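Visitor: The sequence and its predicted three-dimensional model are supplied below.
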Amino acid sequence: MSIWRYFLRRILSTIPTIFGALVIMFVLTRVLPGDSVLMVLGPAHSSPENIENMRKVMGLDRPIPVQFVRYMGQLLKGDLGFSWHTGHPVSQELFMRFPATFELTTVSLLLMIIFGLPLGVIAGYYRNKTPDNLINGITVMGISMPTFWLGLLLIYIFFYKLGIAPPPMGRLSSDVNVPPTVTGLLLMDTLLNKDILSFLNAIQQLILPGITLAFFNLAIIVRTLKADIIDTLSEDFIRTARAMGISQKRILFKHALRNALLPTITMLGTIYGSLLGGAVLTEVVFSWPGLGMYAVESIQWLDYAGLQGFIIFYVFIFTMMNLLVDISYRVIDPRVQLD
Amino acid sequence: MRNEMAKNIKYHDTESLGYKLHLFIKNKLALVGLIVLIFIFGLVIFGPTFSPYDPLAIDFSVKLTPPSKEHLLGTDNFGRDLMSRIFSGARYTLLAAFISVLIGLTIGTPLGVISGYFGKKTDLILMRIMDILLAFPPLILAMAIVSGLGPSLVNASIAIGISYVPHFARLIRSRAVNVKRMDYVQAAISIGSSRIRILFSDVFPNCLTPVIVQATVYTGYGILWVAGLSFIGLGARLPTPEWGLMIAEGRQYIVSGEWWITLFPGIFIMLGVTGFTLIGDGLREVLNPKLRVQ
C-alpha cells in the first residue's frame, strides 16, 4: 500500500468516529430521561402550556429520526445552537474562548518538553538507581494527585504565602491594560501593542496553571521516554559510540535521545490534542476563561447547547490531532507498518 | 542474578501461589500499597465509627478552625470537623470508583471476549464502536453522560464506568485473540466442545490476568475522576462529605489562607490512588512472568 493510500484511508477513518460521536451526543441529550425543556424553562415557568410551546419551538415534538436529520443539518452549517447563558451563538463563544485554552495548553506542552525529556533520559540511564527512583516517585505523585488540588495548593503557596504569583483570576490582572484583540493570544497581542507590562503580567498569569496542567502529564512523558531510552541504550550503535570514546553525555542526549524520541513525540501529540479541547479542571481552578471553563459554566447554568457544542468541538479537535500524529509518525519513521 | 536463580530453585514451581506471594511481599512498593489500601478499606467500612464528630453537624462557633487538639484536621466554613468528614466520606468516593470499574468490567469484558473470539464482522463492528467511545476522554464523556442523566454521585460513577468500557474491551480482545490460538483451545475444538463452552471455560478465564491488573489501576483513576466530577458540580451533592466536593468547598478559602479544608481531602485522594497504582504494578509483576527477572 502506498503512503498516499494510507493517508487517505486514515483521513477517511475519522469520519465514522466523528459521526459516531455526534450520534452518541444526540442520543445522550434527546433520548435519555432528563427533560431539556424543563431545564430551559426552569421550575417557575413550567406550566403545561409553556412546556408544550417550548417543545414545539425546540422541535422536540417531531419524531426522533426527523430531529436527528435536523440536528445534523444544523451542525453541517456550523450551527451549534444558541448559548442562552451568555447570549451568543455557541460557535462564536467557542471561537472567542479557544485562544485562551490554546495559549495555556501550549505553554504547558513546552513545560512538559523542557522537564520531561531530561527527566526521562536520566531515569532511563540510572535505571533502578537513586535518580530513577526519585524521578519515579515524583511522577507517581503527579498521576496520583488531583489536578485541581495541585492547582489550589500552588495558589496557596505562591499567591497567599509567598505573594509572588498574581491572583488566580483569569489571563490578565485587573490593573494592567487589556490589548486590542488581534490574535486572541495575549502573549502576542500585548507584544503587538508594545505593552511590556501587560506582556509580563500575561506570562505571570500563565505560569501556575501551566505547571498544574503539565505536572499530571509529565509522568506519562517520562515513563514513555524512559522505556525507550532503556531499549535504545542496549543497541549496537550505542555500544559502538561508547567504543569510539564519545562522551556519556553526548551519547545520551544526542544518540540515544534522538532514536528513542519517536514514541514520546506521539505521546506529546496525543496529550496536546486532549488538552487543546479544554483543560476543564485546571481552567476552573484558575478561572481561566477558556473552553473548559465555558463547559463548566454551561453545566452550572443548565445551558445544554453550550455543553454539547463544547463536547462536539472537543471530539473534533481530539480526533484531528490524533490524525495528525498518526500521519506525521508515518512520515518521520517509514519503518512503521502500514496495516 | 545468582540470587534470583537461587530463589527460582527454591521455588520449583514459579507459577505456584507461594512463589507469587513471595514476589509480591518482596516488592516493597506493592507492600506499601497494600498497607495504604488496608487503611483506606478500613475507612470505607469503619469510617463513621472512627469519626470523632458527626460529619454533618454544623457548629458556627468553631468555623474555620485550623488543625488543633479538638479538631485534628481543623474545621470547614460550617464548623464541621474535617477528620470526621474525610473518614465518613471515604465510602462515597471509593464506592463510586468501585461501581465505575464494575460497570466497565461487566460491559467491557464480554464485549472484548466476544470480539476477540468470534473475530470477523462482529469484531469489526464492536471495535469500531469502542473506537468512537475512545474519542471521548473520560472526563468529557462523563460530562456528556451526566448532562443527560443529571448530576449525582451514582450517575457520575455510571458515566465513568461507561468511559471505561472501551478500555477493558480492547484489552480483553487483544488477549482473547492470542488465547484463541493456544493449543488447549485447539484441543478443545478437536474433542468437539461447543464454541460457547470453549468461550466460557477456556478463553474467558485465560483472559482475566491483565484485567485484574487494569481493574486495580482503574479503581485508582476512578477515585480521581469521581473527585474531579464532584469538584465541577457533576458528582456528589452538598452536603455529602465526598472528597472532591470537599476540595471544591475549600477552594474559596485557599486565597484567604485557610489551607486545611483543601489540603487534607486531597491527601486522602492521593493515598487512595497511590495505593491502587502500587498494588496494580505489583500484581502486574507477579502475574506476568516476563516482567519478573530483569
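Guide: Looks like it came in fine.
Visitor: which residues of the chain score low on pLDDT?
Guide: Defaulting to chain A. A:1, A:29-46, A:58-60, A:277-278, A:334-339 (pLDDT under 70).
Visitor: ah, no, chain B please
Guide: B:1-15, B:25-26, B:288-294.
Visitor: Up against chain A, what does the stretch 151-294 of chain B have?
Guide: Proximity of the stretch 151-294 of chain B to chain A, by Cβ under 8 Å from any Cβ of the partner chain, involves residues B:151, B:220, B:224, B:227-228, B:231-234, B:244, B:247, B:250-251, B:254-257, B:259, B:262-263, B:265-266, B:269-270, B:273-274, B:277-278. C-betas here are computed from N, CA, C, even on glycine.
Visitor: Now the buried members of these.
Guide: With neighbours counted by 16 or more other Cβ atoms under 10 Å in any protein chain shown, these contain buried members at B:151, B:220, B:224, B:227-228, B:231-234, B:244, B:247, B:250-251, B:254, B:259, B:262-263, B:265-266, B:269-270, B:273-274, B:277-278.
Visitor: Return the subset of those lying in helices.
Guide: Among those, the ones falling in helices (DSSP state H) are B:220, B:224, B:227-228, B:231, B:244, B:247, B:250-251, B:254, B:262-263, B:265-266, B:269-270, B:273-274, B:277-278.
Visitor: which residue ranges form the strands in the stretch 51-200 of chain A?
Guide: A:82-83, A:88-89 (DSSP state E, counting those that start in this stretch).
Visitor: Any chance you could list what contacts the first one?
Guide: To tie it back to what came earlier, the one meant is strand A:82-83. A:88-90, A:93, A:298, A:303, A:305-306, A:309 (Cβ atoms under 8 Å, 6 or more residues apart in numbering or on different chains).
Visitor: Return only those of these found close to chain B.
Guide: Counting by Cβ under 8 Å from any Cβ, no member of those is near chain B.
Visitor: Among those residues, which pair sits farthest apart?
Guide: Pairwise distances across the contacts of strand A:82-83 peak at 13.3 Å for A:Pro89 and A:Ser298 (criterion: Cβ to Cβ).
Visitor: who's more crowded, these two?
Guide: A:Ser298 (26 against 17; other Cβ atoms under 10 Å in any protein chain shown).
Visitor: any residue of the top helix by length along chain B up close to chain A?
Guide: Criterion DSSP H: the longest helix present in chain B is helix B:82-118. No - against chain A, helix B:82-118 shows no contacts by Cβ under 8 Å from any Cβ, the least distance being 10.8 Å.
Visitor: does whatever helix or strand comes next after that helix come close to chain A?
Guide: Tracing the chain past helix B:82-118, the next element assigned as helix or strand by DSSP states H and E is helix B:120-134. Yes - counting by Cβ under 8 Å from any Cβ, chain A is contacted by helix B:120-134 at B:128-129, B:131-133.
Visitor: buried subset of those?
Guide: So, by 16+ other Cβ under 10 Å, the buried ones in the residues of helix B:120-134 next to chain A are B:129, B:131-133.
Visitor: What's the separation between A:Phe26 and chain B?
Guide: 10 Å (Cβ to the nearest Cβ, to the nearest Å).
Visitor: And for that residue, the neighbour number?
Guide: 17.
Visitor: and the residue nearest to B:Ile107 when sequence neighbours are not counted, how many neighbours?
Guide: The shortest distance from B:Ile107 to any non-neighbouring residue, by Cβ to Cβ, 6 or more residues apart in numbering or on different chains, is to B:Val165 (4.8 Å). Neighbour count for B:Val165, taken as other Cβ under 10 Å: 23.
Visitor: Give me the distance between B:Val165 and B:Ile172.
Guide: Distance from B:Val165 to B:Ile172, counting by Cβ to Cβ, to the nearest Å: 11 Å.
Visitor: Common neighbours of those two, please.
Guide: Both B:Val165 and B:Ile172 are contacted by B:108, B:111, under the criterion Cβ under 8 Å, 6+ apart.
Visitor: Name the surrounding residues that touch whatever helix or strand B:Ile145 lives in.
Guide: Using DSSP H and E, B:Ile145 maps to helix B:138-149. Helix B:138-149 has contacts (Cβ under 8 Å, 6+ apart) with A:24-25, A:28-29, A:32-34, A:277, A:280-281, A:295, A:299, A:304, A:307-308, A:311, A:314-315, B:133, B:136, B:155-156, B:158-160, B:162-164, B:221, B:225, B:228-229, B:234-235.
Visitor: Sitting in helices, which of those residues do you find?
Guide: Reading helices off the contacts of helix B:138-149 with DSSP H, I get A:24-25, A:280-281, A:295, A:299, A:304, A:307-308, A:311, A:314-315, B:133, B:155-156, B:158-160, B:162-164, B:221, B:225, B:228-229.
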